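1. would you be able to build a 3D model of this:
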Amino acid sequence: MKKLRFDIISIFPGLFDPLLNESILKRARDRGIIDVRVHNLRDHTLDKHKKVDDYPFGGGPGMVLSVEPIVRAIEAVKQGRSNAHTILLTPGGAPFTQEKAGQLAQRDAVILVCGRYEGVDERVGRFFVDEELSIGDYVLSGGEIPAMVLLEAVSRLVPGVLGDETSALEESFSSPLLEYPQYTRPQDFRGYKAPDVLISGDHKKIRDWQREQALKKTARVRPDLLKNQNVG
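-> Modelled structure (predicted):
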């Protein structure tokens, strides 16, 4: 069975404990499908006070994560695993998408570097990682939450992580359309009824209805997804 290893570099490694010890990710780790290791960036600094940031050259507000401890951490994690794909999580990175998640799920090893403070020394992104990714056009206090998003999105695409392997294939962003609406029991809740077609037993009608509803929802909520797509 394929195993995907994640190494996460952060100055707040404890933030990942709740995520890794609950739900899908815990089960996947317990079954040996994914391996997640979190490394404290401060363990890789030469500064006696464990300092990993400094004032930016040229002035400006805030502090910047230094290049040396990050590169030392990456090199330590990569020992014996030179094929590990290294990603810096930063608001200025390329958009993280479902397509990218699928690509990363095919790899054997991924290293996630979490930025913090005012930013990261530019040389990290330019010369020491394979790519920079962002989870959206907004700014967070650090890269830990983006790393969690990426970890979950990628892991659930690794074979064996989800109980039903078709689940990931039918979700929003796995196709040009958002996912069709879902209903379960009771069919009638305070007068709000689930569509009769879904309990009709006619599988063709159900598939046609799902396709129609997916198109309507995408056109209403995310019309940008329909541009340049042949979804008729």
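
2. contact partners of the longest helix anywhere in the chain?
-> What stands out as the longest helix in the chain, according to DSSP state H, is helix 203-221. With Cβ atoms under 8 Å, 6 or more residues apart in numbering as the test, helix 203-221 has contacts from 176-181, 195, 197-198, 200, 225-226, 231. C-betas here are computed from N, CA, C, even on glycine.

3. mind checking which of those residues are buried?
-> Among the contacts of helix 203-221, those buried by neighbour count (16 or more other Cβ atoms under 10 Å) are 176, 177, 178, 179, 180, 198, 225.

4. adding secondary structure, write those residues out as CSV.
-> Formatted as CSV, these follow (DSSP: H, G, I helix; E, B strand; the rest coil):
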residue, secondary structure
176, coil
177, coil
178, coil
179, coil
180, coil
198, helix
225, helix
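
5. could you identify the most distant pair in the residues you listed?
-> With Cβ to Cβ as the measure, no two of the buried ones among the contacts of helix 203-221 lie farther apart than 198 and 225, at 24.1 Å.

6. what's the per-residue pLDDT of the spatially most central residue of the chain here?
-> Against the mean C-alpha coordinate of the chain, by Cα atoms, centre = their mean, the closest residue is residue 150 at 1.3 Å. pLDDT for residue 150: 98.

7. so what's it up against?
-> 87, 89, 96, 101, 104, 112, 133, 135.

8. count the neighbours of the fifth one for me.
-> This points to residue 104. Per other Cβ atoms under 10 Å, the neighbour tally for residue 104 reads 23.

9. perfect, I'm done here.
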